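Visitor: Predicted coordinates and the sequence they were generated for:
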Amino acid sequence: MLATRRRYRHAPELVSNPGMPFAVTTGFTTSNCTLSIVGGNLRLTVTANGAAYFYTTIACEVGRYYRYEQHIVARNLTSGALMYVGTSSGNLAATFNQNTGSATGGKYAIFKATQATHWVTFSTSSAALAGETADLALFSVKEYV
């Protein structure tokens, strides 16, 4: 039997504001940060010392797989950044998380929907300092078929 390759590039985008380039900061909920647009990228600026994050909700079909992708193009963080997928809001309610480390570049995660709504989050670590920044060119979720 031939294996089938999963595709995501042609699946519809599920994030209302995925970037490439970003034009507005709408569609995201923030905690301990502000969002701005710098050179077409979405910039997170930490407001006070500690974890800072933004997230959005994604409508999913239970049992289907989805690809969450982010691309960090610049960063001024003394600590790592994380990507989360959760079944309730906020970065501490994650059912999946991946430390994106201290480098720039693209990261992705594949997750299986366990309910009709999931929250996808980009977060700094709890060691982030006020004024630090991270710039994202892409914040995307597509069905992985």
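Guide: Perfect, I can see it now. Quantities reported herein were computed from a predicted structural model and do not represent experimental measurements.
Visitor: Which strand residues bridge the residue lying closest to Trp119 once chain neighbours are set aside?
Guide: Nearest-residue entry for Trp119: Gly86, 4.7 Å, with adjacent residues in sequence omitted and distances by C-beta to C-beta, 6 or more residues apart in numbering. Bear in mind the C-beta positions are built from the backbone N, C-alpha and C, glycine included. The bridge-partner assignment for Gly86, based on DSSP bridges, gives Ala94, Trp119.
Visitor: Can you verify my assumption that Thr25 contacts Thr45?
Guide: No - taking contacts as C-beta atoms under 8 Å, Thr25 lies outside contact range of Thr45: 11.2 Å.
Visitor: any idea which helix or strand comes after the helix or strand of the chain with the lowest mean pLDDT?
Guide: Of all helical and strand segments in the chain, the minimum by mean pLDDT, DSSP states H and E falls on strand 94-101, at a mean of 61. Using DSSP states H and E, the helix or strand that follows strand 94-101 in sequence is strand 105-112.
Visitor: Distance from the chain centre to that following strand, please.
Guide: 9 Å (C-alpha atoms, centre = their mean, to the nearest Å).
Visitor: Tell me the helices and strands packed up against that strand.
Guide: Packing partners of strand 105-112 (3 or more C-beta pairs under 8 Å, 6 or more residues apart in numbering; DSSP states H and E): strand 65-76, strand 81-86, strand 94-101.
Visitor: Just the angle for the longest one relative to strand 81-86, thanks.
Guide: What it means is strand 65-76. 150 degrees (axes from the mean of the first three to the mean of the last three C-alpha atoms, to 10 degrees).
Visitor: pLDDT on strand 65-76, on average?
Guide: For strand 65-76, mean pLDDT rounds to 91.
Visitor: Can you mark which positions in that strand are buried?
Guide: The neighbour-count check on strand 65-76 (16 or more other C-beta atoms under 10 Å) flags Tyr66, Arg67, Tyr68, Glu69, Gln70, His71, Ile72, Val73, Arg75 as buried.
Visitor: mind checking how far that strand is from the chain centre?
Guide: Counting by C-alpha atoms, centre = their mean, strand 65-76 comes out at 6 Å from the chain centroid.
Visitor: Tell me which strands it pairs with, and in which orientation.
Guide: According to DSSP bridges, strand 65-76 has these partners: strand 105-112 (antiparallel), strand 133-143 (antiparallel).
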